[in-house]
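> mind folding the following:
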Amino acid sequence: MRYESESDGGPGGDGLVVPMAWLYAEYIADELLRTGDLMPPTSFEFKAGRDALALTIFLSDAGDELSGIRVVSQLETWLSLTAYDQPWQSWVRDRFAERFDADATARRPSPDLQLADAAWRWLEETELLAPDLDAVPVPDEEDGPQVWTPAWQLGLPLGHLAISLF
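Numbers count the residues shown, from 1 in each chain. Sure, this is the predicted structure:
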């Protein structure tokens with residue numbers, strides 16, 4: 001069963017399409033992060049973690065058929081995809097390329113894919129101020145040196161940690 005709700009809107013079939021696969025992935029990511037209690041839900045860091053985790057969940061599900069029962073069995077997959085030594089950014093790009101190719105043959109663009117793409121653009125284009133882990137700490141600085149970092153580079157480890165704590 002595909003998680004895309006569609007109202008046919010009459011004979012033309014141009015009704016409302018609800019992006020259930022993306023919304024469900026976002027919900028799961030949100031719940032994992034809230035359970036971990038790692039960041040305030042109103043912070044940009046939380047949004048980065050939720051979007052990175054939602055992308056991982058959405059793109060790892062080939063048929064947009066995520067079910068509540070399968071969520072627990074997918075945790076190990078998501079954990080391995082978000083691990084530090086994995087090429088997550090290139091994996092996301094490859095999965096998007098596959099999805100966009102498949103979407104090109106559809107009669108109309110997938111709203112799930114459009115929302116996922118918007119989240120990916122935000123993660124790539126937004127930079128957040130974060131501690132510079134490679135810098136030598138200065139004793140008098142309270143927070144230490146900081147650097148502007150792409151949002152996905154902050155969100156991905158946050159999502160990984162949330163899965164680990166679940």
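> CA only for contacts and neighbour counts going forward, please
OK.
> next secondary structure after the helix or strand of the chain with the lowest mean pLDDT?
Every helix and strand in the chain was compared by mean pLDDT, DSSP states H and E; the lowest is strand 5-6, with a mean of 44. Later in the chain than strand 5-6, the nearest helix or strand by DSSP states H and E is strand 17-18.
> quick one: list the elements packing against whichever helix or strand comes after that next one.
Sequence-wise, the next helix or strand downstream of strand 17-18 (DSSP H and E) is helix 20-36. In terms of contacts (3 or more CA pairs under 8 Å, 6 or more residues apart in numbering; DSSP states H and E), helix 20-36 is packed against helix 44-60, helix 111-125, helix 151-165.
> for the last one, name the packing helices and strands.
The contact analysis (3+ CA pairs under 8 Å, 6+ apart) places helix 151-165 against helix 20-36, helix 44-60, helix 68-81, helix 111-125, strand 127-131.
> what about residue 74, distance to residue 81?
11 Å (CA to CA, to the nearest Å).
> looking at those two, which has the bigger crowd around it?
Counted by other CA atoms under 10 Å, residue 74 and residue 81 do not tie: residue 81 has more neighbours, with 21 against 14.
> please name the nearest non-neighbouring residue to that one.
residue 88 (6.5 Å; CA to CA, 6 or more residues apart in numbering).
> and for residue 28, the neighbour number?
For residue 28, using other CA under 10 Å, the count is 18.
> wait, isn't it in contact with residue 54?
Yes. With contact defined as CA atoms under 8 Å, residue 28 and residue 54 form a contacting pair (7.3 Å).
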